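> Sequence first, predicted model second:
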Amino acid sequence: MKAFRTFMVTVFLLSIVSTGAYAANGEKIGYVDLSRLFDEYHKTKEYDKVLEAKHGELEKVGKEKVAKIKESESRLALLKEDQKTVLESEIELLKGEAQEFVRQEQSNLTKDRNEKIREILLEIEKVVSDYASSEGYDIILNDRVLIYGDPTQDLTEDILTILNK
């Protein structure tokens, strides 16, 4: 058992040393702040405006549906019993339609948003790959996997400039 532990420690130390040697052999390594690239990319900002506009339109339609329901409910007190029953059925139907409308539209917005996020991330990935290729980088990491990164190896500004051209 002691021999096995010694072997494992030796393998671990060798992997650390060989990893250091890999980077020391002239490999060009950099990293980017992917969250910042995404947030500051002009296409992300433009799409956020589109989403806000869609959300505003849906909110307006939703308020109109709620107003129609409230108006119908306010008429209930003025009606005879047989008419109340009919109107109550209509109100329940309107409420159901309104809930389904909200659920469906939220689902559509979420789907659109997820597709756009994927599209933007693929564009960022392509720009980073092209940059790595043209600048001779062997590895470019996402900063989320780093514990520490030398600030001189942070390529976020360069990539952001390319993205926003």
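Received it, and whenever you're ready, just let me know what you need.
> Angles on the backbone of residue 32, please.
phi -130, psi 150 (degrees, to the nearest 10).
> same question, the one 4 residues further on
For residue 36, the backbone dihedrals are phi -70, psi -40 (criterion: degrees, to the nearest 10).
> Give me the neighbour count for it.
By other Cβ atoms under 10 Å, 15 other residues sit near residue 36. Every C-beta, even on glycine, is put in place using the N, C-alpha and C of the backbone.
> Strands along the protein, start to end?
29-32, 139-142 (DSSP state E).
> Reformat those as CSV; add mean neighbour count, mean pLDDT and distance to residue 42.
As requested, these are exported to CSV (neighbours: other Cβ atoms under 10 Å; pLDDT from 0 to 100; distance: least, Cβ to Cβ, whole Å):
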stretch, mean neighbour count, mean pLDDT, distance to residue 42
strand 29-32, 20, 94, 17
strand 139-142, 14, 92, 21
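> would JSON lines of these with distance to residue 94 be doable?
Shown next, in JSON lines, are these (distance: least, Cβ to Cβ, whole Å):
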{"stretch": "strand 29-32", "distance to residue 94": "50"}
{"stretch": "strand 139-142", "distance to residue 94": "48"}
